[in-house]
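> Sequence and predicted structure, then a few things I'm wondering about:
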Amino acid sequence: MTRLVRPARWGAAALAALLASTACGGTGGGGRGDSAAPDGSYSVALTEPDHLTPGNTTSSYSIDVLNGVFDTLVTLDPADGHPVMQAAQSVTSTDQRTWTVRLRPGQTFQNGEKVTARSFVDAWNAAAYGPNGWANNYYFANVEGYKELNPEDGGPAPRTKALSGLRVVDDLTFTVRLTAPFSPFPMTLAYTGFAPLPRAAFTDPRRFDVHPIGNGPFAMDGDWQHNQRITLKKYAGYRGPRPAKGAGVVFRIYASKDTAWTDFQAGRVDLVLNVPPAHLPQARRLLGDRLRGTPSGTMDYLGFPVYDKRFADPRLRKAFSMAIDRRAVVDAVFNGAYQPMASLLAPNVPGYRKDACGEACTYDPAKAKQLLAQAGGFHGPLELWFSNADSSYEQWMTAVANQLRQNLGIDRVAFRKVPASDYLSALSGRKETGPYRNNWVMDYPSAQDYLEYMWGDGNRMGWHNQRFLDLLKRANSAPGLDAATPLYQQAEDIALAELPMAPLWNWTDYSAWSERLRGVRPDPYVSLRLDQITVK
Amino acid sequence: MTEPTTLDPPAAPLPEAAADGGVPPVRRRGGDAWYELRRRPLFWCSAAVLLLAGVMAAVPSLFARLGPNEQCDLLRAKQGPAGGHPFGWDVQGCDYWSQVVHGARPSLLVGTAVTLFALAVSVVLGSLAGYFGGAVDAVLSRVTDVFFGLPFVLGATVVLTAFPGHGIWAVTLVLVALGWTTMTRIMRSQVIAVRESDHVLAARALGAGHLRVMTRHILPNAFAPVFVVAMLNVGNVIAGEATLDYLGVGLQYPTVSWGLQLNMAQDFYADHPHLLVFPALFLSVTVLSFLLLGDAVRDALDPRLR
């Protein structure tokens, strides 16, 4: 084999030299003339959104744009995530069930229309109305009257188009009645799905989707150019708490994050929100303090199909969890950029405990093997499920597969790599035949956002625990955070003891920006605060 | 190919030549080609490399200490070459030398299997179309055109993505389905050229059936070009299979292949070039050897191209 080895060394050296020269060719976004944004504007790399009507999108790419165009009732404090009034003047309740929202007076939409209580109520009714099929429909499920707007499949069309729980009191006041007490309610209003809509959104919905008109500090400058760009300009008539400091924003739309990163290095885009972890060592060398990692609320989990009797024993699930060296996977695949997790909640969620999971999330191959033997071992081929949306999924699944083979002696391991568009429907249809990748992006920093949507009724694992559900219900109706947190933690303990889904790691979002920009301060709660950024 | 000859029985030596004695004996076509091949160093080089790759694919344990995906240690992930580990470690912390050795089997297997199947398909279809002409030819040629129009990467990606959890045979099938057209066209045109030659007409006049005429008189004279293309094709198929692996739609874990290794390397090569270099080197040397071998065989079989 020496014959093959020797040319290899030559090849390695030559290739390394070539790579070094190309990799260092860019100046890391030095802000040359081709920056593709007019004076006082800056450009942001984006992936193509699905919709720009706030009630009809859950895509984080849409939300990055809509956060500039719309003012939601509240926003989240960058330091600790508590709700801060934005379009609202106050959100109050005495019983955590009926909430009164008072709007800040003097706000207008970018077409001159006044922002009133009706603007919010109409927008929410449209999203909650089942036949519209809007993406944020389920966020209104705890408002009274939701069931009447969303009949079971095949049932007759709803007789009303309005949520009975919403009532307009006067021009600037409305009330919301929920189906049960829910103390985190004000925090949920920071989500763009609760943004107001002007009348134009209902007269020509198609046009509105490519040219949304909001009440935020930035207005659309021309229509959404699909797969190319979305341009925003400062809205001069804005009277809210966060006027735009820059003149405008150009979102440049890229098909892949790798391409965006390459363009950033060439100085053609000013701000990249998700630097792929594989490029981090290079980014650190080139950018210094213009690269910042922000712990996010996004978590990866390994879910188990509990309805499959091979996975029904909690000891087997615990064995799987203990056979995975989370720290080593994070270091090898993500260049150490993510945080190994021993909690179901992300660190920036109130109620987070660093070591809630304890032994079950600690790497211990010997104990894992012992637990597996106690559970009667694992039989048949093991299929691991994930989607093909990103190459890193396959990389970490390979690491997990190798560890399960080596530490538990499971010989036959195969992958089920599902097209991204089919993956979630496969999971919600409970078609998975083995452990699967489960990812959660935080909607708002509350334990309820994690525990209820992933472990609550109708979860993907087919797991059911009445005590867990009761605790969750009590926590939701507790008068405040202090009373709710211990109850959420008790519920979390049950989910960890049974371990239908094991926590793996918490994402860190890396943003990188060019030398032109000032005031870029990424925080865990709002990924992009467009209004604060200025151009040198 | 200007003078049609048959493989069997061998052409009788001409009386004058035999009488002369100084002229080397007339060889059969196969013998002729072998004589030509033997004299080429390029042939011996590529054959040696391919033999080595073949042994590597058949008995990887001769070269590699560890099995595929065996004794991987994540703590050593992506480290460069070190004592006892000449190629370093891959992203998963597996010994890279062992992994690269194990990568030979799927590549060679897919390369040869696809080529053999595609060759069989094209010989049958090409012969039928060329020999019978008319309606048979029209139908087969249009079907060939349809498949010829399918872009390779796009077609394979669509089919393989639609069937997740596929194995090596599904990949082979897709590559055959997208790869038989060129050889079929060559086969057809060769058969048409030979069909009207004197010895074929004579055989037919003597009452030989279609099958006999095709297999005994046409095929041996029409086979050489398509065989050469097939030899060249092995390399292309291996590269194509690696492309599909690289795009993430080809082979899957726990299979170990060069394409998959390149796929793994794409996110990390800037900081860990050895991840890219070793499988790329093995892949290109193997593909190159098949191409050179195909070239040598073509030169030997078709002296006009020399």
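Happy to help now that I have it. Keep in mind that what you see is a predicted model, and the values were worked out from it rather than measured.

> hey, which helix or strand in chain A has the poorest pLDDT?
In chain A, the helix or strand scored least confidently by mean pLDDT, DSSP states H and E is helix A:2-23, which has a mean of 35.

> Whatever helix or strand comes next after it packs against which elements?
For helix A:2-23, the succeeding helix or strand toward the C-terminus, using DSSP states H and E, is strand A:41-47. When contacts are defined as 3 or more C-beta pairs under 8 Å, 6 or more residues apart in numbering or on different chains; DSSP states H and E, strand A:41-47 packs onto helix A:60-69, strand A:248-254, helix A:257-265, strand A:271-272. (C-beta placed from N, C-alpha, C; glycine too.)

> Other residues contacting strand A:41-47?
Contact partners of strand A:41-47, identified using C-beta atoms under 8 Å, 6 or more residues apart in numbering or on different chains, comprise A:35-37, A:61, A:64-65, A:230, A:233, A:246-255, A:257, A:260, A:263-264, A:268-273, A:516-517, A:528, A:530, A:533, A:535.

> what about that strand, distance to the chain center?
With C-alpha atoms, centre = their mean, to the nearest Å as the basis, the distance from the averaged C-alpha position of strand A:41-47 to the chain average is 19 Å.

> Of all the helices and strands packed on strand A:41-47, which one is nearest residue B:146?
Distances from residue B:146 to each of the helices and strands packed on strand A:41-47 were compared using C-beta to C-beta; the shortest belongs to helix A:257-265, at 33.7 Å.

> buried ones in the closest one?
Neighbour counts using 16 or more other C-beta atoms under 10 Å in any protein chain shown place A:257, A:260-261, A:263-265 of helix A:257-265 among the buried residues.

> picking that back up, and of the helices and strands packed on strand A:41-47, who's closest to chain B?
Taking C-beta to the nearest C-beta as the measure, the helices and strands packed on strand A:41-47 were each checked against chain B, and helix A:257-265 came out nearest at 8.5 Å.

> Tabulate the CA atom coordinates of the closest one in PDB.
Output of helix A:257-265 as PDB, limited to C-alpha atoms (Å, rounded to 0.1, in the frame of the first residue of the first chain):
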ATOM      1  CA  LYS A 257     -26.900  28.500   4.900                       C
ATOM      2  CA  ASP A 258     -23.600  27.500   3.500                       C
ATOM      3  CA  THR A 259     -24.100  29.800   0.500                       C
ATOM      4  CA  ALA A 260     -25.100  32.600   2.800                       C
ATOM      5  CA  TRP A 261     -21.900  32.100   4.800                       C
ATOM      6  CA  THR A 262     -19.800  32.200   1.600                       C
ATOM      7  CA  ASP A 263     -21.500  35.400   0.500                       C
ATOM      8  CA  PHE A 264     -21.000  36.900   3.900                       C
ATOM      9  CA  GLN A 265     -17.200  36.200   3.700                       C
END
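
> got the angle between that helix and strand A:248-254?
Per axes from the mean of the first three to the mean of the last three C-alpha atoms, to 10 degrees, the angle that helix A:257-265 makes with strand A:248-254 is 130 degrees.

> Okay, angle between helix A:257-265 and strand A:41-47 too, please.
For helix A:257-265 against strand A:41-47, the angle between stretch directions is 160 degrees (the same axes, to 10 degrees).

> And helix A:257-265, what does it pack against?
For helix A:257-265, the contact count by 3+ C-beta pairs under 8 Å, 6+ apart identifies strand A:41-47, strand A:248-254, strand A:271-272 as packing neighbours.

> Dump those strands into CSV; add mean pLDDT as well.
Formatted as CSV, the entries for the helices and strands packed on helix A:257-265 read as follows, by pLDDT from 0 to 100:
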stretch, mean pLDDT
strand A:41-47, 93
strand A:248-254, 94
strand A:271-272, 94
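
> Need the winner for burial among these.
strand A:271-272 (a mean of 26; mean count of other C-beta atoms under 10 Å in any protein chain shown).

> what residue is smack in the middle of chain A?
Nearest to the mean C-alpha position of chain A, by C-alpha atoms, centre = their mean, lies residue A:441 at 2.7 Å.

> Surely it and residue A:63 touch.
No - counting by C-beta atoms under 8 Å, residue A:63 is not a contact partner of residue A:441; they are 9.9 Å apart.

> tally of neighbours for the closest residue to residue B:105 other than its chain neighbours?
Once its chain neighbours are removed from consideration, residue B:105 has its nearest residue in residue B:57; the separation is 4.2 Å (C-beta to C-beta, 6 or more residues apart in numbering or on different chains). Using other C-beta atoms under 10 Å in any protein chain shown, residue B:57 has 20 other residues around it.

> So which elements touch the helix or strand that contains residue B:57?
For residue B:57, the enclosing helix or strand under DSSP H and E is helix B:41-58. In terms of contacts (3+ C-beta pairs under 8 Å, 6+ apart), helix B:41-58 is packed against helix B:104-132, helix B:274-301.

> Dump these to TSV, plus mean neighbour count and mean pLDDT.
As requested, those are arranged in TSV below (neighbours: other C-beta atoms under 10 Å in any protein chain shown; pLDDT from 0 to 100):
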stretch	mean neighbour count	mean pLDDT
helix B:104-132	21	93
helix B:274-301	22	90
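
> among these, which is nearest residue A:293?
Closest to residue A:293 of the helices and strands packed on helix B:41-58 is helix B:274-301 (C-beta to C-beta; 24.3 Å).

> is chain A contacted by the closest one?
Yes - using C-beta under 8 Å from any C-beta of the partner chain, helix B:274-301 reaches chain A at B:274, B:276-278, B:280-282, B:285.

> okay, residue A:123: pLDDT?
pLDDT for residue A:123: 97.

> Looks like it contacts residue A:53 (just checking).
No - taking contact to mean C-beta under 8 Å, the distance of 9.2 Å between residue A:123 and residue A:53 leaves them out of contact.

> Quick check: neighbours shared by those two?
Taking C-beta under 8 Å, 6+ apart as the contact rule, residue A:123 and residue A:53 both touch A:197, A:201.

> Identify the residue of the stretch 201-306 of chain B closest to chain A, quick one.
Checking the stretch 201-306 of chain B residue by residue against chain A with C-beta to the nearest C-beta singles out residue B:267 as nearest, at 3.5 Å.

> Report how many residues lie close to that residue.
Using other C-beta under 10 Å as the criterion, the residues surrounding residue B:267 number 22.

> Checking the closest residue to it other than its chain neighbours next. Helix, strand or coil?
Excluding the flanking residues, the one nearest residue B:267 by C-beta to C-beta, 6+ apart is residue A:278, at 3.5 Å. For residue A:278, the secondary-structure state derived from DSSP: H, G, I helix; E, B strand; the rest coil is helix.

> For residue A:278, the count of nearby residues, please.
Neighbour count of residue A:278, defined by other C-beta under 10 Å: 23.

> Could you do the one 10 residues further on as well?
Residue A:288 is flanked by 9 other residues according to other C-beta under 10 Å.

> How much space separates it from residue A:294?
Distance, residue A:288 to residue A:294, using C-beta to C-beta, to the nearest Å: 17 Å.

> Over to residue B:292?
Computed with C-beta to C-beta, the distance linking residue B:292 and residue A:294 is 54 Å.

> Equivalent analysis for residue B:48, please.
Residue B:48 sits at a distance of 56 Å from residue A:294 (criterion: C-beta to C-beta).

> So for residue 259, what's the pLDDT?
Going with chain A. Turning to residue A:259, the model gives it a pLDDT of 87.

> my bad, chain B
As predicted, residue B:259 sits at a pLDDT of 89.

> same check, this time on residue B:165
We have a pLDDT of 67 for residue B:165.

> Just want the most central residue of chain B.
For chain B, the residue lying nearest the average C-alpha position, counting by C-alpha atoms, centre = their mean, turns out to be residue B:234 (1.9 Å).

> Might one say that that residue is in contact with residue B:294?
Yes - Residue B:234 is in contact with residue B:294 according to C-beta under 8 Å; the separation is 7.5 Å.

> Which residues of chain B lie near chain A?
Within chain B, the residues that sit near chain A (C-beta under 8 Å from any C-beta) are B:52, B:63, B:69, B:71-72, B:74-75, B:77-78, B:86, B:91-94, B:161, B:164-165, B:248, B:252-254, B:263-264, B:266-271, B:273-274, B:276-278, B:280-282, B:285.
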